[in-house]
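>>> Requesting a structural model of the entry that follows:
(2 chains)
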Amino acid sequence: MVQATIVESQAAVEALYRAQGDRIYRAVWAFSQDADLASDAVAEAFAQALARGSAIRSPAAWIWRTAFRIAGGMLQQRSRTVSLDRSGSYEMTDPTRELGWALQQLPRHQRAAVILFYYADHPVREVAAIMDSSVIAVRVNLSRGRKRLRQILEASHG
Amino acid sequence: MVDLKERFQALDQVPAPNLERVIELRARHLASVPGALGLDPDAIGGRRFRVPPAHLLAAAAILILGLGLAVILHQARSTAPVRHAPTPTPTAQAPGTSEGGIFPAINMVSLTTGWAAVSGQPGQVLWTADAGKHWADVTPPKEALAHREVQPVFVDVTSAWLLSRPSRSVTPGASGRETVTTDSSGQADIWRTLDAGKTWQRVASLTLAPWFSAAKMAQELRFVDRQHGWLSVWPLSGPGGMILYATTDGGAHWSEISVPASYPGHSTADALPSDCLGGISFTSDRDGWVGAGCSRSDRFFATHDGGVSWKELPVPPRVATFTGSEWHFEGFVSRPRGGNLLFTVVGPANGVGVDHELYASADGGVSWMERPLPQGRYAPGMMGSLSIPPSFIGNCGWILIDGALYLTDDAGVSWQKVAARLTGWENPAEFQFVDASTGWAMAGAPGGKIALLKSSDGGRTWTQQWRSQ
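The predicted structure follows:
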């Protein structure tokens, strides 16, 4: 019985990786602008979910949340020691480069909110759960973030 | 106007690495090293994530080689169970939602009677009439919940509403990868029960007409009694602001109502752009408040005729000092013994983080007094630590910050810590007090379960009243 539960939960995490792994990676990449950091954070989140098995009720919500928390923590740690090369490790297309550059101009909370809302398609309540924040705080960050992002993107087009 | 939704599609061009093998090896390492899994996900961060993944990979590879295992990923995935580390207790899961389901909520409308919505796939609605000794499952029909995102609104002993909108859908692709898409049809259903959940009826099926071709999403539903409710609609993409609809017949019919103040370049319907808009609160069928910050002008309005007309009021004094910052508020709570309490959220001057502030008004919002919060105005923590709005009743109020529960019995003038943690429970998602001593909370329980908790001593101790299966 226990074995069956473990295998079931393992299968759920695997299915989740196949369905959303790329999307989570890209969201974390957009948040961090660092391919290695994004890989580490996403892999760690999925690995922890696999190892925790049936102790996790909603793997999708848990993994989104954990990946962003790990990435946020790593960014915080790195910011104390080294400056990040945020160019990424692959050749970016112009729209991607422009968006990535614009996102980096936003404070971390605002950046996470707009990525989770506009790219990951999470409703505000889920963004709040992922960011461990209140719905109203997310609204503030979303409101301020999208306003600034629009200004930056519009300015970059003259 | 830049369409952010469209711009974010550029991220789909970012190549994503195949992490399957890394995940597999890392999971094995976590499962095989006692204590490695003992991290509280709520505390996971760079400071705790110290071991570089490359080292972990190497360690895992050595471990596997040492055991003489020929690891073939496919076989490993299909046959090898994940072993759990022996020491850590499984971490409880936050009762959040994902891929649809019902939003968690709890509302005891009296000492004995109340409702709870427990998130899940698709989740449950519960009702009690004996102070939580027994909970009846009054979950709405599948039609209202399956593949839907559902916001419940519990109003009185027998009345509740649901805002049900399509959730994201997952479509299998030919390559084996699945595509996650968001419904942008603007479709939303309003469901209602008037008999404590014995029967549920769909009272309205709304299609929110695109505004300047921008997709809209029904965002938030509120009712103050059996007849009067409001529905806010946000843009998903493109230009446009929030639109507010009102009903006076329990949700069967909805009409757009005005929102205050015309801004240059915006029509009446779009008077307060969503970029500026704060929360709209109604405390009766007639009295409502809205705050907004646009173009270096913080503004605050009140209506006393259900939103037909609005009057501008002075902004609270501290907010006025944040020139140019947007400010938003919710949780406007009527106080039975006069005055009102207002919970505000303000973006601080440096634009980093979110500043939580509390104000009290004794004259319906004409003048305000700033009240302290237990840990100061700025909520510390990487992602913010104040995740649940406070609960007020009369002069008593409770607020949860960094997992600790604080109480005020003088309308926010002073606070005392009443519980360092909701001991034994994790990630409280909702809490509410019915009187000065009786409180309810929804929290994660060990084993990935969700529990309803009750306190009879003002929040100092909590006991489980219900637990999910």
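
>>> For chain B, what's its nearest residue on chain A.
A:Gly73 (2.5 Å; C-beta to the nearest C-beta). Using the backbone N, CA and C atoms, a C-beta is placed for each residue, glycine as well.

>>> pLDDT score for that residue?
For A:Gly73, the model assigns a pLDDT of 79.

>>> Please apply the same query to B:Gly458.
90.

>>> Which residue ranges of chain A form helices?
According to DSSP state H, chain A carries its helices in the segments A:2-32, A:35-52, A:59-81, A:94-104, A:108-114, A:124-131, A:135-156.

>>> and B:Ala31, which of those helices is closest to it?
helix A:35-52 (4.7 Å; C-beta to C-beta).

>>> and the closest one, anywhere near chain B?
Yes: Helix A:35-52 reaches chain B (C-beta under 8 Å from any C-beta of the partner chain) through A:35, A:39-40, A:42-44, A:46-48, A:50-52.

>>> any idea which helix or strand of chain B has the worst average confidence?
helix B:73-79 (a mean of 30; mean pLDDT, DSSP states H and E).

>>> can you list contacts of the next helix or strand after that helix?
Beyond helix B:73-79 on the C-terminal side, the first helix or strand identified by DSSP states H and E is strand B:101-102. With contact meaning C-beta atoms under 8 Å, 6 or more residues apart in numbering or on different chains, strand B:101-102 is reached by B:117-125, B:145, B:149-152, B:162, B:167.

>>> Among these, which one sits closest to chain A?
So of the contacts of strand B:101-102, ranked by how close each gets to chain A (C-beta to the nearest C-beta), first place is B:Glu149, at 6.0 Å.

>>> partners of that closest one in the sheet?
B:Gly101, B:Arg165 (DSSP bridges).

>>> thinking it is in contact with B:Ser167, fair?
Yes: look at B:Glu149 against B:Ser167 with C-beta atoms under 8 Å: they come within range, at 4.7 Å.

>>> between the two, which one's more packed in?
B:Glu149 (26 against 22; other C-beta atoms under 10 Å in any protein chain shown).

>>> tell me the SS of B:Arg7?
For B:Arg7, the assignment made with DSSP: H, G, I helix; E, B strand; the rest coil gives helix.

>>> How confident is the prediction for it, by pLDDT?
85.

>>> now the residue nearest the centre of chain A, nearest residue through space, not along the chain?
Nearest residue to the geometric centre of chain A (C-alpha atoms, centre = their mean): A:Val28, 3.4 Å. With sequence-adjacent residues excluded and distances taken as C-beta to C-beta, 6 or more residues apart in numbering or on different chains, A:Val28 is closest to A:Ala38, at 4.3 Å.

>>> how much space between the one you found and B:Phe103?
Remark: distance between A:Ala38 and B:Phe103 (C-beta to C-beta, to the nearest Å) = 29 Å.

>>> swap in B:Phe301?
27 Å.

>>> So for the two, which residue has more residues nearby?
B:Phe103 (23 against 20).

>>> domains in chain A, as residue ranges please.
Chain A breaks down by automatic domain parsing into domains covering A:1-88, A:91-158.
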